[in-house]
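Novice: coords below, sequence missing:
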């Protein structure tokens, strides 16, 4: 045909049909992924959360967020695939979609929870032995793992103890062991700060001696806890300490104020309370190893409280009225009653024991006496603080 002539008729192409939906196999694979993540998370919880070989906090929560995110992503993919299939096939059952949505809503939070349970708590309350270790405003304690390195000390006789009582004694002494261990770097911080402030050698020496005493306390408590557990228990690494924590303000008065107020709460109040509370357990303790640990704790914690008062006196002497004012403000913030000695779950387990006599025989404190002891030591601290600060406040 000549160029420019009539063109032959061409049959138009048929309109494009609906796009083929993605294969339902993708949704099935996504659902299987969610179930596998959930099972893996549960297995991790059993392996690390139900024993003392806990994961570090950073590792546990990284896995928790990762597992939760993977479940959520898999669920979204599966729901999108099933919705597209349902639009393409009006008769498609809604059951698969409903099951997928339920899996998405359940597996993500559960996987997160299971991995979160593999970590050790780092919290610390007012109570238990030892000076708190503070990183910023947060008090931290080490995680626990199976280890012989810190379980060094006399061991109790566990003959005749039932399973529930042994488990409670294990966790009660482990609670104390973690706090005693945290007190070691806490006193290292105190010694560092005292040197920075040009404190007398006696204060620095006593701070270092306190470190050694806290090591002894921690070893004794871990040995007791290990005996009740039937396996040696020790501590994990403490990554929270990598960044330090002994820094002081550059301004000298502010630095003296910080050291004085920390000594007031963590030493003069808390360690004095610890010593007095531990002393109440001496009346009922029968096990020789537990008694020996308690006697040592009472003596040393009392000495630590005296050191704290001497540190306060040093700071008041060097810092004057601003330090006094800060001490009075901080003391006014102290609650009139102690915070629970133990975590809520442990406190409930102890309260549920039908016979608590074996606890007292193995050196544990009757928590019903904590309030009266705290009130008495708070009154003593108020009087002692007034004796230190009133003359200077009057002169100002």
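Specialist: Yep, it's here. Note that the structure is predicted; figures quoted are calculated from it, not measured.
Novice: quick one, helices of the stretch 101-250 of the chain?
Specialist: In the stretch 101-250 of the chain, the helices defined using DSSP state H, counting those that start in this stretch lie at 163-196, 201-229.
Novice: Throw those helices into JSON lines and include mean pLDDT, distance to residue 247 and mean neighbour count, thanks.
Specialist: In this view, the C-beta of every residue, glycine as well, is placed from N, C-alpha and C. Shown next, in JSON lines, are the helices of the stretch 101-250 of the chain (pLDDT from 0 to 100; distance: least, C-beta to C-beta, whole Å; neighbours: other C-beta atoms under 10 Å):
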{"stretch": "helix 163-196", "mean pLDDT": "95", "distance to residue 247": "9", "mean neighbour count": "22"}
{"stretch": "helix 201-229", "mean pLDDT": "97", "distance to residue 247": "17", "mean neighbour count": "21"}
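Novice: closest to residue 330 out of the ones you listed?
Specialist: Residue 330 lies closest to helix 163-196 among the helices of the stretch 101-250 of the chain, at 16.5 Å (C-beta to C-beta).
Novice: pLDDT below threshold where in the stretch 51-200 of the chain?
Specialist: Counting by pLDDT under 70, the ranges of the stretch 51-200 of the chain that qualify are 51-58, 88-93, 119-129, 136-137.
Novice: and if we set it to 90?
Specialist: 51-65, 68, 74-75, 77-108, 110-146 (pLDDT under 90).
Novice: go on, the stretch 251-396 of the chain?
Specialist: 335-348, 367-368, 370, 388-396.
Novice: about what we covered before: JSON lines for the helices of the stretch 101-250 of the chain, including distance to residue 265?
Specialist: Below are the helices of the stretch 101-250 of the chain laid out as JSON lines (distance: least, C-beta to C-beta, whole Å):
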{"stretch": "helix 163-196", "distance to residue 265": "12"}
{"stretch": "helix 201-229", "distance to residue 265": "16"}
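Novice: now the strands for the stretch 51-200 of the chain?
Specialist: Taking DSSP state E, counting those that start in this stretch as the test, the strands found in the stretch 51-200 of the chain are 133-135, 138-140, 144-146.
Novice: Domain ranges for this structure, per the record?
Specialist: Using automatic domain parsing, the domain parsing of the chain gives 24-116, 133-395.
Novice: Out of the strands of the stretch 51-200 of the chain, which is closest to residue 61?
Specialist: strand 138-140 (14.9 Å).
Novice: tell me what that closest one is packed against?
Specialist: Counting contacts by 3 or more C-beta pairs under 8 Å, 6 or more residues apart in numbering; DSSP states H and E, strand 138-140 is packed against strand 133-135.
Novice: swap the cut-off to 7 Å and go again
Specialist: If you count contacts as 3 or more C-beta pairs under 7 Å, 6 or more residues apart in numbering; DSSP states H and E, strand 138-140 packs onto no helix or strand.
Novice: what's residue 240 in contact with, if anything?
Specialist: Counting by C-beta atoms under 7 Å, 6 or more residues apart in numbering, residue 240 makes contact with 135, 140.
Novice: Relative to residue 317, which of the strands of the stretch 51-200 of the chain is closest?
Specialist: strand 133-135 (24.4 Å).
Novice: contact partners of the closest one?
Specialist: Taking C-beta under 7 Å, 6+ apart as the rule, strand 133-135 contacts 139-140, 182-183, 185-186, 240, 245.
Novice: got the end-to-end distance for stretch 116-134?
Specialist: 23 Å (C-alpha to C-alpha, to the nearest Å).
Novice: Run the chain-centre distance for stretch 362-371.
Specialist: 22 Å (C-alpha atoms, centre = their mean, to the nearest Å).
Novice: Between the two ends of that stretch, how far is it?
Specialist: OK, stretch 362-371 end separation, C-alpha to C-alpha: 21 Å.
Novice: Same list (the contacts of strand 133-135) but as TSV, adding distance to residue 117.
Specialist: Shown next, in TSV, are the contacts of strand 133-135 (distance: C-beta to C-beta, whole Å):
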residue	distance to residue 117
139	21
140	19
182	22
183	27
185	27
186	27
240	20
245	27
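Novice: Which positions within stretch 376-396 qualify as buried?
Specialist: 377-378, 380-381, 385, 388-389 (16 or more other C-beta atoms under 10 Å).
Novice: ok, these vs residue 47, which is closest?
Specialist: residue 377 (42.7 Å).
Novice: Remind me what the helix or strand hosting residue 311 packs against, helices and strands.
Specialist: If you go by DSSP states H and E, residue 311 is part of helix 288-319. On a contact count with 3+ C-beta pairs under 7 Å, 6+ apart, helix 288-319 meets helix 201-229, helix 252-262, helix 270-280, helix 321-332, helix 370-395.
Novice: CSV for the strands of the stretch 51-200 of the chain, including mean neighbour count?
Specialist: Below are the strands of the stretch 51-200 of the chain laid out as CSV (neighbours: other C-beta atoms under 10 Å):
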stretch, mean neighbour count
strand 133-135, 20
strand 138-140, 18
strand 144-146, 19
